[in-house]
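J.: just a sequence and a predicted model for now, questions to come.
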Amino acid sequence: MNHKMRNLVVLLTCAVALPLFSQPKTASSLYFSVLGRKKVTVVGQDIYTTGLYVSADGGETYQHKGWKSLPIFGLAVDPRENGRRIFLACGNGVLRSLDGGETWKIVTDWEITEVQTVVIDPNDPQTIYLTSSYGTWVSRDGGDSWHSLNQGLQPVSLTYHSVLAVKPSDSRTLYVGTADGVLVSRDGGEHWQRSGLQGRQIHDLQIAPYDENLLLCGTDITGVYISRDAGQSWRQINMQLKGRDIYSVEIDANNPGVFYCGGYLCGVNRTRNYGETWEPLDNEITDKTIRDIAVDLRQPHVVYAGALNYGLYRSTDSGNRFSLIAEGDGQIRAVAVQ
Amino acid sequence: MRYRLLLLAGLLCLAAATSAADHYTTAYEARADSVIDYYAALPYSQDAFRAMAKFHRQTDLTTACQIVDSLTARPRGDMFWLYPITALYMTCGDRMPDSSRQKIRTSFSSYAPYRGDTENHWLMYYVSLYLLAQSFPDQPGNLWFNGKSSAENFNDAKGWIEYWMDLTTTVGQGEFDSPTYATFFLTPCFMLQRFAKDETMRTRAQIMVEWLLADLFIDTLDGTLCGAHSRIYEADIHDKHYSNASHTIAFLLGDRPLFRGDGKPETLFHNNLITALCDYRLPEILYRIGTDRSKPYLSLERKRSRYRIRYYDERMPAVNKMLYMTSNTALGSIQSGHTEQILQHSWNLNWKRERLGQVTTLFTLHPYYSARDMGSLFTSYLQTVVPDVVGSKTTYDKQEKWVGSSPYEELLQFENTLVGLYDLRSDDALYKHYDGFFPRDFSEQTVDPSGWIFCRTGTVYIAFYPFKPVEWREEKMGKRLRSNGLTNGFIIEVKQPQEIASFAEFKRKIMANPVDFIDQPDNLTAIYRNLDGHRLEFTFGGERRIDGKVVSPSGYRLFDSPYIQAQVDGRKMILQHGDEKRVLDLAKPEIRTLAE
C-alpha cells in the first residue's frame, strides 16, 4: 500500500468511521469513486488511489473495491439488492458486480466506451441504461447485452450523452442531457425529440420525485435551469448562484423546493424556494469545484459533496456545515448513498 | 546474336535483382540479430523487452526470470504493459520456466489495464487480448481481469480489430503519419500476422502491416518521416532522425547503422525487437518505395481526424494531405480538413542531411490552444481540460510552442511551393503572430531588402517570403522567426541545387517574381508565380487556384501517387514500382504479387 492510499484509508477511518460507528446497521451505505489526481491524463501512470470506495457496514470501515487503475465516472447501486448489485461507468465500459464489489465483469464490448453514467430503471431492475460519449445504450437483461438507443441522432453533439433520467411513474419516458440540450423519448429510447436548452452543454439532469413535471438541469456556462412542465419550457434560475458551470444538481426528495448544486469553483449552493434564490454553503468548500452531490434518502439532512480537486465532504445539517471526511490524492468523481 | 544479348541482359538483371533481394534479406537478418543481441546483453530492469531477448537467446535466464517476477508482481502501464508482456509470452512462452509462464498468466487475471483513449492504445490492447484469449482458450471469466471468458474476450477483440482494419482501409487512418505513434500501430500488427492462429486474421494483419509500411515509406526521405503529422511531440520536432518512426525506418530499410562503433544504439526503439522476433520479411517492392527517390513524385493522401465526441458535425472528419518528394527534399502539408490542434504539424519542409546531427527541417505555425477542441476529443470539463492536457503536454497552451495547429491557418501547396495565410482577427486567436523555425545548420542564410529570406545547404535552396515584418530570436536548434499581424502569411519555394545553375541564380529569379498580397478586411489573398511558371492564387476561407483553375483539396483518394493507389471505401491498396505490382486486398482478404 503506497502512502497516498494509506493516507486515504487512515483519514477515512478516523474522520468517517468513528463518528458513524454507533449508527444502526440500517444506516445507509456510501459509495464514491476516486480518480488519482496526479497526471491523470497520462495513460499508464501508477495511480493507486483510483477506484471505488464503499462503506458497506454503516460507516464502520471503508474498502477499496475492484480495479485500481480504471477511471470511474459514474455509479449505480441497486437498492433492491442490499448493495450487492453495483454498476460502474468507466472508460473501459460498464463494470458490474453481483456480490457487493468482490468480483467484477466488464459487461459491455468494444462498441461502448467513455461511459458517463449508469442508471437502473426504478421500475425494472433488469433494465439498465448507460450514457456515453457515443450515446445512450440499454440492457434489458441486467447488463448481459446492450442495444444502442441512438437512432436518428446527429450531429455528433447530440450523441454526447452525459446524463439520463427515467420518469418514475412511466419508464418509457426518458430524458437525456447532451452536449447540445435536452432530449426526451416517450417510447423507451426508440425515438427522441428535442426538449429544449439547445446549444447548452448539459452536465446533470434530475426529476423531482414529488413532481414529475419538475426537471432540474445543471449546464456549462449558463448555470441552472428548471422546467415545471416536463421539459416543454425552461427557466434559468441563477439568482445569487455562485458560478455558472454547474456539474451536479440534486433535488431533496423529502423537502419540496430544496435543491443543491455545485460546479466549477463554486462549492455547494442550496435553494429552499425552487431556485428563486441560492445561497452558497459553508466557507470551507465555497471555492471548490464540486463534481457530485448526494442526499441520503434515509436521512435527508445528510448531504455529501465530492470535490473534483480535493476530497469528499459531508454535512449532517442539510448543508449548513460541511466537514472533510475523506481526502486523498485524487478527484472525487461520483458519490452515491443507498 | 541480338536474341542472345537480350537473354544475357535479362539474366544479368535477374541476377542483380536476386542479389539485391538476397543482400537486403541478409542485411535485415543481421540487423534483427544485432537488436536481439543488444537487448539480451542488457542488465536487469523492469523491462519486458530485455526478458524477451534473454529468453529468446536462452542467456542470462536468472535475470530474465527476475524481470518476469517484477513485471508480474506489480504491473503498471496499462496497454503499454500489456503488449510487451503479451509479446514476451507469444515469442518466448516455450523458452521460459513453467513458474515464469504461470506468473505471466496469473497477471492477466490480477491486473486490469486501462483500454486507453486513443486508437493506438486500443490496437495494443485488443491485439494483446486477441492473442491471449487464443492462447488460453475455454477459460472462465474469473481467470481474466475483466471477468469475461476467453471466448468473450476473443470475440470482443476480434470485433474491434476488424472494425479498425475496415475503417483504416475505407476512410483512412486516424493518428496518421505520427513520428511517435506509427510504431504503436505497426507493432501489434506484426504480432498479429505472426501469432494469430486463424489464417484469415494472419492475412488481414499482414495486409495492415504492409498498408501501414507503405504509408510510412511513401513519406520517407533520408530516414525521416516527412510532411504533415497528426501527432508529433516537441522532442521530435527539430530532428526527426531520432523519432520512433525513424528507428523503425532504419531497422526495416537499413539506411543507416543501428549501432555506433562503441556498441551503443544510434537508432533503436524497443518495438524493433518485437518486429525482429516476428519473422517478418519486407517485400522488395516496399523496400523500393521506401528508398527510390530517383524521380520526383507527388503523394496525396486522405486521412481522418481522431474521434470527435462533441461540438462537431462529423465523428471522423476527413483530412487531406499533400507531399512533394524529390531526391533531396520533401515538402508536405495538410491542404484541408479538420485539424487537431494539440500535436499536429500542419506543414514542414525536410531535406537530405549532409552530416550526422544536422538539423534539416523548416516550418511555421500559429500557436493556438482550445478547450473546445480538447473537449471534442476527451470527456473532461471545458474548464479543466486545458490544465489536464498541459499536465502531460506541457507546451500546449504556450505561445512559444513548436507543435500544434490552428484553425486560423490555411495552406495551399503546389509541388515545391507553399502559400500560408493567417487570419488572427478572432478573439479566439489569443496569440497574434506566427512563428517559423529556421534551423541552425544552413551554410548560408540571408535576408534581402525585398523581404525574401534565402537559405541553403548542399542539398536544398529555400526562398521564404513573409508578408509582414519579422523579428528573429536565437534558439538552441536554430532561429525563431516571429511575424506579428492580425492578417499575415508567407510563401516558400524550394529547389534542389541540381535544378538551377547556382544559388545566386535562384535568388535572382525568385526576386524577379512579383508577390501580390491583398490585405483587406474581407479579402486576404496571396498571388504568386513560382519559378516553374505556375501561378498560385489563394484566398483565406475562399478559392484556391492553380494556373487559373480552381482546385479543391477535399476529394483526395486514400492514396494517390505513382507508387501507391487506394480508393476511399476500397479496402484495397495497389503498390507499384517498375514492373512489380502488389495488391493488398482486405475484402477478400489476400495479397497478390503481379509482374507486368
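T.: It's in. Numbers count the residues shown, from 1 in each chain, chains lettered A, B, ... in the order given.

J.: only C-alpha atoms for contact and neighbour calcs from this point on.
T.: Fine.

J.: in stretch B:312-330, what's buried?
T.: By neighbour count with 16 or more other C-alpha atoms under 10 Å in any protein chain shown, stretch B:312-330 contains the buried residues B:312, B:314-330.

J.: actually stretch B:44-63, sorry about that
T.: Within stretch B:44-63, the residues that count as buried by 16+ other C-alpha under 10 Å are B:46-57, B:60-61, B:63.

J.: from the buried residues of stretch B:312-330, which are also near chain A?
T.: For chain A, the contacts drawn from the buried residues of stretch B:312-330 by C-alpha under 8 Å from any C-alpha of the partner chain are B:Tyr312, B:Glu314, B:Arg315.

J.: Throw the residues you listed into TSV and include secondary structure, thanks.
T.: Listed next are those as TSV, based on DSSP: H, G, I helix; E, B strand; the rest coil:
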residue	secondary structure
B:Tyr312	coil
B:Glu314	coil
B:Arg315	coil
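
J.: now, which of those residues sits nearest B:Ala182?
T.: B:Arg315 (21.9 Å; C-alpha to C-alpha).

J.: surely that closest one and B:Arg304 touch.
T.: No. B:Arg315 is beyond contact range of B:Arg304, at 9.6 Å (criterion: C-alpha atoms under 8 Å).

J.: name the strands paired with the helix or strand encompassing A:Asn213 and say parallel or antiparallel.
T.: In this assignment (DSSP states H and E), A:Asn213 forms part of strand A:211-219. Strands adjacent to strand A:211-219 in the sheet, as given by DSSP bridges, are strand A:202-208 (antiparallel), strand A:223-227 (antiparallel).

J.: out of the ones you listed, flag the one nearest A:Gly100.
T.: strand A:202-208 (26.1 Å).

J.: for chain A, give me its nearest residue in the stretch 1-150 of chain B.
T.: B:Gly77 (3.6 Å; C-alpha to the nearest C-alpha).

J.: my guess is that residue contacts B:Pro113, does it?
T.: Yes. Here B:Gly77 reaches B:Pro113: they are 7.4 Å apart, a contact under C-alpha under 8 Å.

J.: and those two? Which one has more around it.
T.: Higher neighbour count among B:Gly77 and B:Pro113: B:Pro113, with 25 against 16, using other C-alpha atoms under 10 Å in any protein chain shown.

J.: wait, that one touches B:Met79, no?
T.: Yes. Counting by C-alpha under 8 Å, B:Pro113 touches B:Met79, with 6.0 Å between them.

J.: write out the residues of the stretch 151-300 of chain A neighbouring chain B.
T.: Contacts of the stretch 151-300 of chain A with chain B, taken as C-alpha under 8 Å from any C-alpha, map to A:Gln154, A:Pro155, A:Val156, A:Ser157, A:Leu158, A:Thr159, A:Tyr160, A:Ala179, A:Tyr264.

J.: for the stretch 101-250 of chain B, just list every one of the strands.
T.: Here the stretch 101-250 of chain B has its strands, by DSSP state E, counting those that start in this stretch, at B:220-221, B:224-225.

J.: the buried residues of stretch B:44-63: which two are farthest apart?
T.: Farthest-apart pair in the buried residues of stretch B:44-63 is B:Gln46 and B:Arg57; separation 18.3 Å (C-alpha to C-alpha).

J.: next helix or strand past the lowest-mean-pLDDT helix or strand in chain A?
T.: The least trusted helix or strand in chain A, going by mean pLDDT, DSSP states H and E, turns out to be helix A:18-20, with a mean of 35. Counting by DSSP H and E, the element after helix A:18-20 in chain order, helix or strand, is strand A:30-36.

J.: what does that next one contact?
T.: Strand A:30-36 is contacted from outside by A:47-56, A:59, A:70-74, A:329-338, using C-alpha atoms under 8 Å, 6 or more residues apart in numbering or on different chains.

J.: near chain B, which of the residues you listed show up?
T.: Near chain B, by the rule C-alpha under 8 Å from any C-alpha, you find A:Leu70 out of the contacts of strand A:30-36.

J.: ok, the spatially closest residue to A:Val182 that is not a sequence neighbour - contacts?
T.: Spatial nearest neighbour of A:Val182, excluding adjacent residues (C-alpha to C-alpha, 6 or more residues apart in numbering or on different chains): A:Ser195 at 5.1 Å. Residues near A:Ser195 by C-alpha under 8 Å, 6+ apart: A:Gly181, A:Val182, A:Leu183, A:Val184, A:Gly231, A:Gln232, A:Ser233.
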